[in-house]
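Engineer: coordinates only, sequence not included:
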């Protein structure tokens, strides 16, 4: 079974072909980073227009790269939420048109759920339950216990900024550029992560995350240090504070749930400091850790295709009526 995946939830247009949910045949991404860099963030209307320009040529290129004909596709999986509404509509409308033209089943996919499946795809295996999932990105910080396909118990989530959003805002304040995550990581590679003492938000308060306080703390240090500010040390200290926050929360979850499989997912899962801290934590609790490859950390259609394959049996029969929705909670019913 070849599943075609379509992803357009934010500023990356992506098409992928995945066989049996575990093997990527071809996967292409058209990035808009250079376009949005001048604005310091994603402009939804601009992103929508760029998706319109890119999606059909990318579809043809993906099929050609795999030497696969459209009629050989078994089903079509597409992100229908959460995300920016305009960009989502471009991908969903394209998928519906393909489903109508080919007569193939349409599978709506929750973008955040698919990020978790990306780690299994990277390992070339089907999802295995239960597992503890940590999703960290520009818009999300969720800690969930996955008990089955589309069955998630949300243990904790951010009450304000997401970690990727934090890195973007700090990078903008420091005039480092956009996107912030890769720049903060690179800048902090030679830094001393103990130089600046930053808070651990919501420490000792269960599974809830908060990162706006870290942003404020960084800005105060910048104002106080002035010309004496050491950027590498500050970036290293910030990443250390973020990773240690996750270590505390995830460690508590591993202890209290008894889960022995940990999944790290989302754009910020590419951060080397966080990956290293999760590897050490998993070893401490004798838990299996699955990490996505760097390509599968960011938004991509391969994870959409894989998740669609493993949740196809749950998709409604009238999927052509499913709507794009900006806020679609994990495990929530399909949107009509």
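Structural biologist: In hand now; what should we look at? These numbers come from a predicted model, not from an experiment.
Engineer: In a strand, residue 156, correct?
Structural biologist: Yes: when classified by DSSP: H, G, I helix; E, B strand; the rest coil, residue 156 is found to be part of a strand.
Engineer: helices or strands next to the helix or strand bottoming out on mean pLDDT in the chain in the packing?
Structural biologist: Least confident element among the helices and strands of the chain, by mean pLDDT, DSSP states H and E: helix 33-37 (a mean of 81). Other elements packing on helix 33-37 under the criterion 3 or more C-beta pairs under 8 Å, 6 or more residues apart in numbering; DSSP states H and E are helix 44-66. C-betas here are computed from N, CA, C, even on glycine.
Engineer: tell me the mean pLDDT for the helix it packs on?
Structural biologist: Here helix 44-66 scores 94 as its mean pLDDT.
Engineer: in the sheet, who's paired with residue 17?
Structural biologist: residue 4, residue 26 (DSSP bridges).
Engineer: Please report how far it lies from residue 185.
Structural biologist: Counting by C-beta to C-beta, to the nearest Å, the gap from residue 17 to residue 185 is 31 Å.
Engineer: what about those two, which has more around it?
Structural biologist: Per other C-beta atoms under 10 Å, whichever of residue 17 and residue 185 has more neighbours is residue 17, with 24 against 19.
Engineer: which residues does the more buried one contact?
Structural biologist: Counting by C-beta atoms under 8 Å, 6 or more residues apart in numbering, residue 17 touches 2-5, 24-27, 62-63, 66, 68, 73, 305.
Engineer: what's the distance between residue 31 and residue 10?
Structural biologist: 11 Å.
Engineer: which of those two has more neighbours?
Structural biologist: Comparing residue 31 with residue 10 by neighbour count (other C-beta under 10 Å), the higher total belongs to residue 10, at 25 against 15.
Engineer: Hmm, the more buried one is touching residue 48, no?
Structural biologist: No: assessed by C-beta atoms under 8 Å, residue 10 is found out of contact with residue 48, at 10.6 Å.
Engineer: Need the residues touching each of those two.
Structural biologist: Shared contacts of residue 10 and residue 48 (C-beta under 8 Å, 6+ apart): 84, 87.
Engineer: Quick one: residues contacting residue 241.
Structural biologist: With contacts defined as C-beta under 8 Å, 6+ apart, residue 241 is in contact with 198, 199, 200, 214.
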